[in-house]
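Novice: Take a look and give me a structure for this.
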Amino acid sequence: MKGFHVFFVSIFLNISLALSQGQVIHLTNPSFESIPKPGGSTFFFLPGWYDCAPFYFYNETPPDIHGENTGFFKVNRKPQEGNTFLGMVTRARKEESWEMVSQQLQEPLLKGKCYEFKIHLAKSDKYYSLLDTTDIIPQNFNTPIKLRIWGSNTRCRKTQLLAQSDKIDNVEWKEYTFRFKPKRNYYYIMFEAFYITPVLVPYNGNILLDNASDIVEIPCPGDELLAKIDINDPKPAHKEKSIKKPSIKTTPKKSGKNKNTNKKSTKPEVIVKNNSTKPPKPKKNKILKKLEKDKITTGQIIKIENLFFEADSSNIKPESYPVLNEIYEFLKDNPNVIIEIGGHTNDLPGNNYCNRLSTARAKKVAEYLYKKGIPQYRIKYKGYGKKKPLVSNKTAWGRKQNQRVEIKILKVK
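Specialist: Residues are numbered from 1 along each chain as shown. Modelled structure (predicted):
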């Protein structure tokens, strides 16, 4: 059956995570919402998605759109999210055939970047369908198959196999995570139902798809999210000024008599220059004005201002050293204070990514202070991900406020 391309433009703008996160690509209709219908009954209508099987197989029917209690092909499953989900099959025909869908991305996957993507997958134990129009008795398409993810620059041309799952044999919804690195820029992504390979003969199988995530740029393996400590904080070399000895100035002898005596004065005039007393240093403007012993209380939280990281990384930028050294000086001068370093992100990436990145950044700050000489028991660290936003994430300003590292005062004696 010939597919019809239906593309709905998302009303949301794609936002580059220049605020220290990476690229985020939002999929259109990620939970496969449409009118429930079996694929062979009418044309394929799934907003944002296009049926690609007809480009590869003659007279191939499109995938099925299932809903709760629709019972198509005896599939009885509650959607993982929303009202409908997608079902795709592989067939045991002699020429083999399988189903696939694609979507044009709102912005391209970029060459050499690394991405993370999540989707909920399952298998139905019952998926009874006719193999082709010549069949009379339905067959059960219940053998486990796998999902393959392709990158492309045209609607249905499979260019690079970005990722693939193991066999999907779980009958309950399960979230699967895929990570991939495109070899070129790709403007389309394709989801393909496929056999477990290697296979000797094709077989009847099914896979269910629902609730896909955004495609989020992540650090590539070589970038090492949990980077080793590599602190380059050279201290300026201060040369101690030698204290000059008092200088003695001898006044020339006067030819005349002393006013008080008739004897000539032979005693020299001594002028002492006291260079040992240095002028007081001007006080530096504190970055964390609340971080003072007489101002802090147990449980207090202080945001670390002027702390900067490389994008998608826990690597600390050199311009952050003044505030980190300020924290070090405070802890050194107040040995009875115990703190926690807490990392936080905005809500654009997935939970796992946010948790990893926030923990890595909190850990990197703690390690900086350990290396400076603060005992480890005095500094805890924890990543909160996107669980504790300060303000709404709906604006760029709000996301910037939520992307932060904080000090929490755990103990003050």
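
Novice: quick check: domain ranges of the chain?
Specialist: For the chain, the structural domains run 24-218, 301-411, going by automatic domain parsing.

Novice: Which one of those lies nearest to Lys286?
Specialist: domain 301-411 (6.8 Å; CB to CB). To be clear about C-beta, it is placed using only N, CA and C from the backbone, and glycine gets the same treatment.

Novice: circling back to that earlier point, let's have the domains of the chain in TSV, adding distance to Lys289 and mean pLDDT.
Specialist: Formatted as TSV, the domains of the chain follow (distance: least, CB to CB, whole Å; pLDDT from 0 to 100):
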stretch	distance to Lys289	mean pLDDT
domain 24-218	35	90
domain 301-411	9	92
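
Novice: Could you tell me which residues make contact with Lys146?
Specialist: Gln164, Ser165, Asp166, Lys167, Ile168, Ala193, Phe194, Tyr195, Ile196, Ile207 (CB atoms under 8 Å, 6 or more residues apart in numbering).

Novice: can you pull the contacts of Thr177?
Specialist: Thr177 neighbours (CB under 8 Å, 6+ apart): Glu116, Phe117, Lys118, Asn352.

Novice: Of those, which pair is most distant in space?
Specialist: Pairwise distances across the contacts of Thr177 peak at 11.6 Å for Phe117 and Asn352 (criterion: CB to CB).

Novice: between these two, who's got more neighbours?
Specialist: The neighbour comparison of Phe117 against Asn352 (other CB atoms under 10 Å) goes to Phe117, with 23 against 15.

Novice: send the alpha carbons of the host helix or strand of the more buried one over as CSV?
Specialist: Using DSSP states H and E, Phe117 sits within strand 114-122. Provided in CSV are the C-alpha atoms of strand 114-122 (Å, rounded to 0.1, in the frame of the first residue of the first chain):
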residue,chain,number,x,y,z
CYS,A,114,27.7,11.5,20.1
TYR,A,115,24.1,11.1,21.0
GLU,A,116,21.8,9.3,23.5
PHE,A,117,18.3,8.2,22.7
LYS,A,118,15.7,6.2,24.7
ILE,A,119,12.5,4.4,23.7
HIS,A,120,10.1,2.0,25.4
LEU,A,121,9.9,-1.4,23.7
ALA,A,122,8.1,-4.6,24.3
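
Novice: Let the chain start at 51 from now.
Specialist: From this message on, residue numbering opens at 51, which makes the last subject strand 164-172.

Novice: Let me see the ranges of the helices in the stretch 351-463 of the chain.
Specialist: 371-383, 401-422, 446-452 (DSSP state H, counting those that start in this stretch).

Novice: Of those, which stretch is the most buried?
Specialist: Across the helices of the stretch 351-463 of the chain, averaging neighbours per residue (mean count of other CB atoms under 10 Å) puts helix 401-422 on top, at a mean of 21.

Novice: on that earlier part again, reformat the helices of the stretch 351-463 of the chain as JSON lines; add distance to Asn235.
Specialist: Below are these laid out as JSON lines (distance: least, CB to CB, whole Å):
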{"stretch": "helix 371-383", "distance to Asn235": "37"}
{"stretch": "helix 401-422", "distance to Asn235": "22"}
{"stretch": "helix 446-452", "distance to Asn235": "25"}
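
Novice: Out of these, which is closest to Glu131?
Specialist: That would be helix 401-422 among the helices of the stretch 351-463 of the chain, by CB to CB, at 14.8 Å.

Novice: which residues are in contact with the closest one?
Specialist: For helix 401-422, contacts defined as CB under 8 Å, 6+ apart pick out 71, 166, 227, 266, 268, 275-277, 279, 281, 354, 357, 359, 362, 364-366, 374-375, 377-378, 381, 391-395, 397, 399, 426, 429-436, 455.

Novice: Strands of the stretch 101-250 of the chain, start to end?
Specialist: Secondary structure of the stretch 101-250 of the chain (DSSP state E, counting those that start in this stretch): strands located at 114-117, 134-141, 147-148, 150-159, 164-172, 178-179, 189-190, 193-194, 196-202, 210-214, 224-230, 236-244.
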